[in-house]
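Q: dropping a prediction and its sequence here:
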Amino acid sequence: MGSLAGRIKPAVRYRGVATAYEAADGNGACLYGPAPNLMVAAMNHTDYESAKACGAYVLVRAANGKSITVRIVNECPLPCAPGQLDLSQQAFAKLAKLSVGRLPITWTLLSPALSSPISIRYKVGSSQYWCGIQAIGHRNPLATLEVRTAKGWRKLQRTDYNYFLSPDGSGCGKAIRITDIYGQRLSIDGIAIKPDVAQSTRVQFARH
């Protein structure tokens, strides 16, 4: 279970501190775009792990017994310490008054109930000669994204801005295969190269 996970592993309780930031429309370093709600957070640089934390849902608990679920959409740069979460002001306010400033917390990875399927988006500038691919709205953190090429499946490198790149264009516009940290694998066909358009799929990872 979770053998494909990076630093953030299932069933582990992390300790840290919560701070707050002005999240605006909820977009951030993960480049998902405006968030449907502002229950979002920025993961500290270390646990962000070059975008591996992007899209993860975490349950945050404060010592006062209050808790909230947030989605990771941003990176909190150093000096954000390991374990630290920079919550949107809206999320922080559900745990304590903003004037508290720094709040001791624990947090754990969640696999939440979601009704919507995953979407796929090609980066601006993508073509058959170069492309960046992003998955949006996945229930569990992503471990890998692959594209089908003439030689079989090719694993693409993830960038710290949360796109998987095919520098020579191989596999661009072809079938896509994504794997979550639990080893669940989903194959997706029929996603055309339409830069900056989130195209809905019919699939979603199962809960864990």
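A: Cool, the structure landed.
Q: next helix or strand past the longest strand seen in the chain?
A: When the chain is parsed with DSSP state E, its longest strand is strand 67-76. Scanning forward in sequence from strand 67-76 by DSSP states H and E, the next helix or strand is strand 85-88.
Q: chain center to whatever helix or strand comes next after that following strand: distance?
A: Beyond strand 85-88 on the C-terminal side, the first helix or strand identified by DSSP H and E is helix 89-92. The chain centre lies 19 Å from the centre of helix 89-92; the measure is C-alpha atoms, centre = their mean, to the nearest Å.
Q: ok, stretch 162-170 next?
A: With C-alpha atoms, centre = their mean as the basis, the mean position of stretch 162-170 lies at 18 Å from the chain mean.
Q: span of that stretch from start to end?
A: 19 Å (C-alpha to C-alpha, to the nearest Å).
Q: do the same with stretch 153-171
A: Stretch 153-171 has an end-to-end distance of 8 Å (C-alpha to C-alpha).
Q: in that stretch, what counts as buried?
A: Neighbour-count burial for stretch 153-171 flags 154, 156, 158, 162-166, 169-171 (criterion: 16 or more other C-beta atoms under 10 Å). In this view, the C-beta of every residue, glycine as well, is placed from N, C-alpha and C.
Q: what's the answer for stretch 112-130, then?
A: 118-123, 126.
Q: same question for stretch 81-97.
A: 83-88, 90-92, 95-96.
Q: name the residues that touch it?
A: Contact with stretch 81-97 is made by 14-23, 26, 38-44, 46-47, 58, 60, 62, 64, 66-68, 70, 74, 76, 80, 98, 103, 105, 107, as judged by C-beta atoms under 8 Å, 6 or more residues apart in numbering.
Q: buried ones among the residues you listed?
A: 14, 16-21, 23, 26, 38-44, 47, 58, 60, 62, 68, 70, 74, 76, 80, 103, 105, 107.
Q: re earlier: and which of the buried residues of stretch 153-171 is nearest residue 148?
A: Using C-beta to C-beta, residue 171 comes nearest to residue 148 of the buried residues of stretch 153-171, at 6.0 Å.
Q: residue contacts, the closest one?
A: So residue 171 contacts 146-149, 154, 156 (C-beta under 8 Å, 6+ apart).
Q: could I get the residues you listed as JSON lines with pLDDT, distance to residue 187 and secondary structure?
A: Listed next are those as JSON lines, based on pLDDT from 0 to 100; distance: C-beta to C-beta, whole Å; DSSP: H, G, I helix; E, B strand; the rest coil:
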{"residue": "146", "pLDDT": "98", "distance to residue 187": "9", "secondary structure": "strand"}
{"residue": "147", "pLDDT": "98", "distance to residue 187": "11", "secondary structure": "strand"}
{"residue": "148", "pLDDT": "98", "distance to residue 187": "9", "secondary structure": "strand"}
{"residue": "149", "pLDDT": "96", "distance to residue 187": "14", "secondary structure": "strand"}
{"residue": "154", "pLDDT": "98", "distance to residue 187": "14", "secondary structure": "strand"}
{"residue": "156", "pLDDT": "98", "distance to residue 187": "15", "secondary structure": "coil"}
